[in-house]
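Trainee: no letters, just coordinates:
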């Protein structure tokens, strides 16, 4: 340890004589003396304070090396929860480098994480993941070739489980041939919220021709309470689309990504009203081919975050290799996450008017009004060939009913869902 000893002794003697014996005390007392000396030095002159900090820097470094103070490095995995490391089906257990365009960089892995105004209100993870969710069993509102089942049926049919990595699994039935609709799972949180930060950490999502998975939220009396689609796509798409659907009167000010301050691309238009757009709403598609489907699964997934505040609604995507340390630490700081993938500002769509009392939802439907209607289409990212061409089957429903093995990859593997609020 190198010290400017004469200067150090002079300073301690002149500004904090009561601490002259600090070299014979414990490291805790050393630091207390340093703080007192620094306080008095600042009051006397800024130049003296600077000299004192330089002189004492060796003590502070040596103290950190001694083990008396612990510096925790947080990067992508939690030090208190080993289940936040990649693992389980769809993941190799490592943290692969993400391909495509990341929407933000990870926070610095060194040092401590600042406190956050966002406090966790609900956390769904581990063996108790399915506690606090209701299983939807009505007919699919989107006309899919699917039958949503209750919790008991889902468990007995192995459509839901917690795997060895502690992650929640939600599958589609893979019975070879069926005569009607194929069984699947749709769950809704019992907890509802108005304004929130919702963070999904997922390792794997359903993919393949005929699939239409989504992680989203909905208010009462749709579309009056609004809908926020955080993760959504169909068939073999590779780029996620986030969308809002509302009552008439909600628009976004531009379709220009630069004006909106987003990394994604606006699809469809600027009118978000479900009734006036054929339920298209205001969609924003990611430019990253690892944000959805097979590309997402190949990198071990990642984190989606949706922030709903007075100034608007935003969505970020972080590949597994660049999850901000403040998210991992449970102290999220959206202001430091960089440009979001999607943003719907309050300029012409006040969230307090168009969104309220939401519940978070997972589902995997099959065919229906989106996946079925674009069965023969090409051109979307990941869909250079149509599903009709890929499968050699003329309709989505026919394919779903006769090819159960094709849905082996149609499952969610979720590490956690956390809902934060500021009050």
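Mentor: The structure has been received and is ready for your questions. This one's a predicted model, so the numbers in the text were calculated from it and none came from an experiment.
Trainee: from here on, contacts and neighbour counts on C-alpha atoms
Mentor: OK.
Trainee: show me where the stretch 51-200 of the chain has helices.
Mentor: For the stretch 51-200 of the chain, the helices defined by DSSP state H, counting those that start in this stretch cover 151-156.
Trainee: so what are the sheet partners of the one helix or strand residue 344 maps to and their directions?
Mentor: Per DSSP states H and E: residue 344 is located in strand 342-345. Applying DSSP bridges to the sheet, strand 342-345 is found paired with strand 312-319 (antiparallel).
Trainee: any idea how far residue 317 is from the spatially most central residue of the chain?
Mentor: Most central in the chain under C-alpha atoms, centre = their mean is residue 304, positioned 2.3 Å from the mean C-alpha point. For residue 304, the distance to residue 317 equals 5 Å [C-alpha to C-alpha, to the nearest Å].
Trainee: also residue 398?
Mentor: On the measure of C-alpha to C-alpha, residue 398 and residue 317 end up 34 Å apart.
Trainee: neighbour count: these two, which is higher?
Mentor: Each of residue 398 and residue 317 has its neighbours counted (other C-alpha atoms under 10 Å); residue 317 has more, 29 against 16.
Trainee: so that one sits against residue 291, correct?
Mentor: Yes. In this structure, residue 317 is within contact of residue 291 by C-alpha atoms under 8 Å, at 7.0 Å.
Trainee: and residue 247, what does it touch?
Mentor: Residue 247 makes contact with 223, 224, 225, 226, 272, 273, 274, 275, 354, according to C-alpha atoms under 8 Å, 6 or more residues apart in numbering.
Trainee: recalculate using a threshold of 6 Å.
Mentor: 223, 224, 273 (C-alpha atoms under 6 Å, 6 or more residues apart in numbering).
Trainee: do the same with residue 186
Mentor: 135, 136, 362, 363.
Trainee: before we move on, the earlier item: just among the contacts of residue 247, which is most surrounded?
Mentor: Each of those was scored for neighbours by other C-alpha under 10 Å, and residue 273 scores highest at 24 neighbours.
Trainee: ok, that residue touching residue 246?
Mentor: Yes. Counting by C-alpha atoms under 6 Å, residue 273 touches residue 246, with 4.7 Å between them.
Trainee: quick check: domain ranges of the protein?
Mentor: Split into domains by automatic domain parsing, the chain comes to 5-66, 86-421.
Trainee: so which of the ones you listed has the densest surroundings on average?
Mentor: Ranked by mean neighbour count, the domains of the chain are led by domain 86-421 with a mean of 20 (mean count of other C-alpha atoms under 10 Å).
Trainee: and the pLDDT at the closest residue to residue 314 other than its chain neighbours?
Mentor: Spatial nearest neighbour of residue 314, excluding adjacent residues (C-alpha to C-alpha, 6 or more residues apart in numbering): residue 343 at 4.2 Å. Reported pLDDT at residue 343 in the predicted model: 98.
Trainee: surely residue 343 meets residue 312?
Mentor: No. With contacts counted by C-alpha under 6 Å, residue 343 stays clear of residue 312, the gap being 7.1 Å.
Trainee: any idea how far the residue nearest to residue 314 lies from residue 192?
Mentor: 22 Å.
Trainee: which element, helix or strand, includes residue 266?
Mentor: Taking DSSP H and E as the criterion, residue 266 maps to strand 265-267.
Trainee: partners of that strand in the sheet?
Mentor: strand 282-285 (antiparallel).
Trainee: name the residues that touch the strand it pairs with?
Mentor: 240, 241, 242, 243, 244, 264, 265, 266, 267, 270, 272, 342.
Trainee: for the helix or strand following that strand, which helices and strands make contact with it?
Mentor: Note on strand 282-285: by DSSP H and E, the next helix or strand toward the C-terminus is helix 293-298. If you count contacts as 3 or more C-alpha pairs under 6 Å, 6 or more residues apart in numbering; DSSP states H and E, helix 293-298 packs onto no helix or strand.
Trainee: and helix 293-298, average pLDDT?
Mentor: On average, helix 293-298 scores 98.
Trainee: chain center to that helix, what's the gap?
Mentor: 15 Å (C-alpha atoms, centre = their mean, to the nearest Å).
Trainee: same question, stretch 151-171
Mentor: 21 Å.
Trainee: stretch 357-377 too?
Mentor: 20 Å.
Trainee: ends of that stretch, what's the gap?
Mentor: End-to-end distance of stretch 357-377: 36 Å, with C-alpha to C-alpha as the criterion.
Trainee: and for it, what's in contact with it?
Mentor: By C-alpha under 6 Å, 6+ apart, the list of residues contacting stretch 357-377 reads 142-146, 185-189, 192-194, 210-219, 234, 386-388, 396.
Trainee: switch to 7 Å and redo it
Mentor: The contact list for stretch 357-377 (C-alpha atoms under 7 Å, 6 or more residues apart in numbering) reads 142-146, 184-194, 210-220, 234-235, 386-388, 395-397.
Trainee: with stretch 147-159 instead?
Mentor: Stretch 147-159 is contacted from outside by 135-139, 160-161, 170-173, 181-186, using C-alpha under 7 Å, 6+ apart.
Trainee: which members of those residues occur in strands, if any?
Mentor: When DSSP state E is applied, those are split such that 135, 160, 161, 170, 171, 182, 183, 184, 186 fall in strands.
Trainee: in those, find the pair that's most separated.
Mentor: Farthest apart among these by C-alpha to C-alpha are 161 and 182. That separation is 18.4 Å.
Trainee: shaky segments in this structure?
Mentor: Counting by pLDDT under 70, the ranges of the chain that qualify are 1-112.
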